[in-house]
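Trainee: Starting from these lines, generate the structure:
(one chain, ligands or ions: 1)
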Amino acid sequence: MTDTTDHPFLKMHGLGNDFVVLDVRQSGFALTPAMARAIADRRTGLGCDQVVVIETARSGLSDAWMSLWNADGSVTSACGNATRCVAWLLMQQAGSDHAVIETKAGLLDAEMRGDKLVAVDMGPARLDWREIPLAKPVDTLHMGIGIGSLTDPVGVSMGNPHAVFFVGDVAAIDLAALGPVLEHHDLFPERANIEVAQVLAPDRIRMRVWERGTGITSACGTGACATLVAAARRGLTARKADVVLDGGVLTIEWLPDDHVMMTGPVALVAEGMLDSSLLS
Ligand SMILES: N[C@H](CCC[C@H](N)C(=O)O)C(=O)O
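Mentor: Numbering: from 1, shown residues only. Down below sits the predicted model:
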């Protein structure tokens with residue numbers, strides 16, 4: 001059954017990690033995995049890394065609920081770059097410099113930090129093997145798995161699973177080949193986002209990412225948070241650093257209360273009406 005209602009969308013990105021954003025607070029429209037895949041398809045759909053749905057707040061504690069779908073149609077609980085984009089939209093609509101977004105990962109508090117520059121409290125870094133989650137009890141500081149030149153990652157969850165591998169030169173890693181193998185490693189019952197990180201200085205890390213359910217993206221906010229926490233846990237950096245991604249720089253700080261602050265830009269690039277053929 002093809003849906004004939006009009007569905008406006010916005011195309012947004014955070015450092016090139018791009019999104020199709022649907023606001024269904026009026027229509028109550030429910031996306032399916034097949035629709036998310038069709039929308040995200042860069043050949044036959046609109047093309048994006050994640051499909052982001054703004055829904056009516058489910059508690060009195062937030063301005064809106066945010067649902068997130070990867071390009072393969074899988075659901076994720078967290079997406080830092082999308083959180084900045086949605087927070088910016090909500091703040092623009094409300095004429096406010098503060099917004100609270102609720103996701104499956106919890107409440108996320110956002111503030112404007114300049115023109116199209118947003119800071120988000122991404123919540124606490126989860127470090128126990130059960131929270132990543134992992135398939136068995138493992139020290140998340142040294143998870144002991146590896147393939148090729150990638151060995152012994154650090155496990156961190158920001159509401160979604162990450163495995164951070166430290167390397168001497170991120171440009172030398174064949175992420176397109178190794179990423180999918182590690183994403184599906186048996187240690188990760190819910191798969192994992194795979195980061196390769198090169199420490200440039202105590203306050204600067206170069207990172208590239210293979211995202212669960214999407215592949216290589218130009219930036220990953222939760223991945224940048226996981227990378228900073230991993231580096232600080234290993235004593236490789238301070239608890240605040242710039243993370244340099246393919247698409248640009250995010251500033252990440254792991255606070256004493258274990259929450260992780262992420263600051264970075266947002267961009268609104270287009271708007272339109274979803275073709276109903278994508279919603280059949
Ligand atoms: N690009 C997102 C991460 C998406 C994570 C998703 N690939 C998952 O399945 O966890 C970010 O900015 O945090």
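Trainee: number of nearby residues for Pro137?
Mentor: The burial count assigned to Pro137 is 8, neighbours taken as other Cβ atoms under 10 Å. Glycine gets a C-beta too; all of them are placed from N, C-alpha and C.
Trainee: Grab the nearest non-local neighbour of it.
Mentor: Counting by Cβ to Cβ, 6 or more residues apart in numbering, Pro137 lies nearest to Trp129, which is 5.5 Å off, once chain neighbours are set aside.
Trainee: which ones are touching Gly272?
Mentor: Going by Cβ atoms under 8 Å, 6 or more residues apart in numbering, Gly272 touches 8-9, 11.
Trainee: Going by neighbour count, which residues in the helix or strand hosting it are buried?
Mentor: Element membership of Gly272 [criterion: DSSP states H and E] is strand 267-273. Counting neighbours by 16 or more other Cβ atoms under 10 Å, one finds that the buried residues in strand 267-273 are Ala267.
Trainee: Pull up the pairing partners for that strand, direction included.
Mentor: Strand 267-273 pairs in its sheet with strand 8-14 (antiparallel), by DSSP bridges.
Trainee: ok, residues contacting the strand it pairs with?
Mentor: When contacts are defined by Cβ under 8 Å, 6+ apart, strand 8-14 is touched by residues 18-23, 39, 46, 48, 52, 80-82, 84-85, 89, 219, 221, 264-274.
Trainee: So which of the residues you listed reach the ligand?
Mentor: Restricting these to those near the ligand by Cβ under 6 Å from any ligand atom leaves 80-81, 221.
Trainee: The ligand contacts on the stretch 1-150 of the chain?
Mentor: 17, 49, 70, 76, 79-81.
Trainee: swap the cut-off to 8 Å and go again
Mentor: The stretch 1-150 of the chain comes close to the ligand at residues 14, 17, 49-50, 68, 70, 74, 76-83, as judged by Cβ under 8 Å from any ligand atom.
Trainee: between those, which is nearest Asp186?
Mentor: Taking Cβ to Cβ as the measure, Ser74 is the one of those closest to Asp186, at 17.9 Å.
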